[in-house]
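Novice: For reference, the sequence and a predicted model appear below.
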Amino acid sequence: MTAFLAYINLPVQYLEYLITKLNEMGIEVKGIASHRSGRQRTLDKYPQLRYYSMASFNDFTTWEAPFDEGLFRQVIGPDLEEVLPISDRYPSFGNGSIESMNRVFWEFSLANKALSEVRPDLLLFFKEPESVLEYMLYKLAKHLGIKVLMTRATTFTHSRGVADNYELPLLSKDLTITPGTIDIGDKTGLHPQSENILKKVSAMESSYMPNYMKAQNIDFSFLSFLNYYSQFHNIKLLIADGLRQKQGHLYRFRLYNKYQKLVSEVIPEKNSLKIYFPLHYQPEQTTMPLGASFVNQTKSIKLLSDKLPDGAVIYVKEHISTFAKALKPNINFRPYHFYKTLASIPKVRLVSVHFPSQKLQSICDFTVSITGTACWESVLRGKPAVIFGYTSWSTMPGIFNYREISSDFFVQLQNSPTIDRTEVKRYLEQLEGITHQPKDPEVSISGHSAERYLLYLDTLLLGVKKFRSQKS
């Protein structure tokens, strides 16, 4: 059996670990799609591998892979609204739709070429597809009948599942496994960390903060600018950054000021329907591709506004990481008029990023998001939630899918938001029963830690092993 690996960021030592374990199962890795980082070391170690770079478009290498327009229209055509923002994730920024389409065509050509040359039995993803090339590989593999396996995020970062798709939840509403999900669990009950999070969120403890949260330090002091621009060793790059203002510290500063000018005070109106809509940080996998056609959050909020009755309020809160110095938002996902456009939508009120989310959830009747964890947090706090995109936990009691709700859904449920927390806990126990968690109850899964890489890789290997045993 042969395999093709796709991943964005995997240090070479962990790649070696994965390939070794797959070889022990009788699976030969013949192709890799990844960033160019670590490429030469990988090829030196495994010269027989075919390597396809996710950065080839920006490197302006020769576009030698044929572009099959007919196949493109058949496989990707219906999902252009979904894939175009994914192509905007990487530089260059602000160059318009033609540039984005060119990258889409390029990456589709490369993915088609890769699968044609390698002809794998398995296409393995470290996590859900994220880059354009990964997305194209996934769509083409599904079209061609190549078996796909990927690890999937669940409610908690210390737990991962395995499935052959990202569109379906891991469990159905009756708690049976959905098609394509692989049961890799080996225990019953919740992981100790899950129990702790469950307790803190349900009790609305102020100390609760998800351990996967991005850096939240908003700092626009003079020293912060000095530190930022001191990293530019080329005067031309420094000047270009200041003039373009499509990303970077000055861009974030201007964006933050524009947001602050439109922020309203939270004054809950009595008897009005109140919705909390926390924005996702973008670009990020949680909306690209998991948001599908709802990757555009402005569109989603407009649809929500149109569905709500007169007098309703949507409290929209920006993700604090958008303004944090450690991350890289860009003008493709937060153009300068982004917040003015949001504020122009009826019923929308922008809320300070410093206003506590748990307080907003206590004020509001519902939480609505594309795929955000704020939705399951809302349910644990006794308030129903609505999601637009794809999550592994969308069938949790108290979670509703926007595609399936009626026009009077919010009014009907406002007066009777009954959530059985016993059923919610039972759902979480069942979900963890088919997924993988580290044995160490104190382990921290964050950033680029060794524990995180091993959790993902061991989860994937368990899935591959189970798949092979089922097939035999």
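Specialist: In hand now; what should we look at? Keep in mind that this is a model prediction, so the values were computed, not measured.
Novice: Could you look up the SS state of Leu149?
Specialist: Following DSSP: H, G, I helix; E, B strand; the rest coil, the label given to Leu149 is strand.
Novice: Contacts only, for Asn271.
Specialist: Residues near Asn271 by CB atoms under 8 Å, 6 or more residues apart in numbering: none. (Each C-beta comes from the backbone N, C-alpha and C, glycine too.)
Novice: pLDDT value on it, please?
Specialist: Per-residue pLDDT puts Asn271 at 81.
Novice: Ile331 and Arg73: what is the separation?
Specialist: Separation of Ile331 from Arg73 (CB to CB, to the nearest Å) stands at 30 Å.
Novice: Show me which of these two is the more surrounded one.
Specialist: Ile331 (17 against 11; other CB atoms under 10 Å).
Novice: What about the nearest residue to the more buried one once chain neighbours are set aside, how many residues nearby?
Specialist: Nearest residue to Ile331 in three dimensions, chain neighbours excluded: Lys246, at 4.2 Å (CB to CB, 6 or more residues apart in numbering). For Lys246, the count of nearby residues is 17 (other CB under 10 Å).
Novice: At which residues are the strands of the chain located?
Specialist: Ranges of strands in the chain, per DSSP state E, are 2-6, 28-34, 50-53, 122-125, 147-153, 160-163, 181-182, 274-278, 313-317, 348-351, 366-369, 385-387, 399-401.
Novice: Out of the ones you listed, which gets nearest to Leu43?
Specialist: strand 50-53 (6.0 Å; CB to CB).
Novice: Just the CA trace of the closest one, in CSV.
Specialist: Extracted as CSV, the C-alpha positions of strand 50-53 are listed here (Å, rounded to 0.1, in the frame of the first residue of the first chain):
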residue,chain,number,x,y,z
ARG,A,50,8.2,13.2,-4.8
TYR,A,51,7.9,16.6,-3.1
TYR,A,52,5.3,19.2,-4.1
SER,A,53,5.7,22.6,-2.5
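Novice: any idea of the mean pLDDT for it?
Specialist: Strand 50-53 shows an average pLDDT of 92 in the prediction.
Novice: again with stretch 4-16
Specialist: Per-residue pLDDT over stretch 4-16 has a mean of 91.
Novice: Tell me how far that stretch lies from the chain's centre.
Specialist: Here stretch 4-16 is found 19 Å from its chain centre; the criterion is CA atoms, centre = their mean, to the nearest Å.
Novice: Show the end-to-end separation of it, please.
Specialist: With CA to CA, to the nearest Å applied, stretch 4-16 spans 14 Å between its terminal residues.
Novice: just stretch 411-424 next, same as before
Specialist: OK, stretch 411-424 end separation, CA to CA: 23 Å.
Novice: Can you pull up the most central residue in the chain?
Specialist: Thr286 (2.0 Å; CA atoms, centre = their mean).
Novice: Sketch out the low-pLDDT regions of the stretch 201-350 of the chain for me.
Specialist: The model of the stretch 201-350 of the chain has pLDDT under 70 over residues 210-215, 237-238, 240-244.
Novice: neighbours of Glu429, just the number please.
Specialist: 14.
Novice: circling back: which ones are touching the residue nearest to the centre of the chain?
Specialist: So Thr286 contacts His280, Ile370, Thr371, Gly372, Gly389 (CB under 8 Å, 6+ apart).
Novice: what about 7 Å?
Specialist: His280, Ile370, Thr371, Gly372 (CB atoms under 7 Å, 6 or more residues apart in numbering).
Novice: Okay, Leu428 and Gly26: tell me how far apart.
Specialist: Here the criterion is CB to CB. By it, Leu428 lies 36 Å from Gly26.
Novice: now Ser357
Specialist: The separation that Ser357 has from Gly26, given CB to CB, amounts to 48 Å.
Novice: So for the two, which residue has more residues nearby?
Specialist: Ser357 (19 against 8).
Novice: In this structure the more buried one contacts Pro278, no?
Specialist: Yes. Counting by CB atoms under 7 Å, Ser357 does reach Pro278; the two are 6.4 Å apart.
Novice: any common contacting residues for those two?
Specialist: Common neighbours of Ser357 and Pro278 (criterion: CB under 7 Å, 6+ apart): Ala374.
Novice: and Leu226, how many residues sit next to it?
Specialist: Around Leu226 there are 9 residues (other CB under 10 Å).
Novice: Repeat that for Pro356.
Specialist: 12.
Novice: where's it relative to Met204, distance?
Specialist: Applying CB to CB to Pro356 and Met204 gives a distance of 10 Å.
Novice: Domain-wise, how is the chain divided?
Specialist: With automatic domain parsing as the criterion, the domains of the chain are listed as 2-189+438-471, 194-430.
Novice: can you pull the buried residues of stretch 251-260?
Specialist: For stretch 251-260, the neighbour count (16 or more other CB atoms under 10 Å) marks Tyr251, Arg252, Phe253, Leu255, Tyr256, Tyr259 as buried.
Novice: Could I get the CA-only coordinates of stretch 461-472 as PDB?
Specialist: Output in PDB follows, covering the C-alpha atoms of stretch 461-472 (Å, rounded to 0.1, in the frame of the first residue of the first chain):
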ATOM      1  CA  LEU A 461      -1.400   6.300  13.000                       C
ATOM      2  CA  LEU A 462      -4.200   4.800  15.100                       C
ATOM      3  CA  GLY A 463      -6.700   5.700  12.300                       C
ATOM      4  CA  VAL A 464      -4.500   4.100   9.600                       C
ATOM      5  CA  LYS A 465      -4.100   1.000  11.700                       C
ATOM      6  CA  LYS A 466      -7.800   0.700  12.300                       C
ATOM      7  CA  PHE A 467      -8.600   1.300   8.700                       C
ATOM      8  CA  ARG A 468      -6.200  -1.400   7.600                       C
ATOM      9  CA  SER A 469      -7.700  -3.900  10.100                       C
ATOM     10  CA  GLN A 470     -11.200  -3.100   8.900                       C
ATOM     11  CA  LYS A 471     -10.200  -3.500   5.300                       C
ATOM     12  CA  SER A 472      -8.500  -6.900   5.900                       C
END
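Novice: which outside residues touch it?
Specialist: With CB under 7 Å, 6+ apart, stretch 461-472 has contacts from Lys21, Leu22, Met25, Leu149, Val162, Ile182, Ile184, His436.
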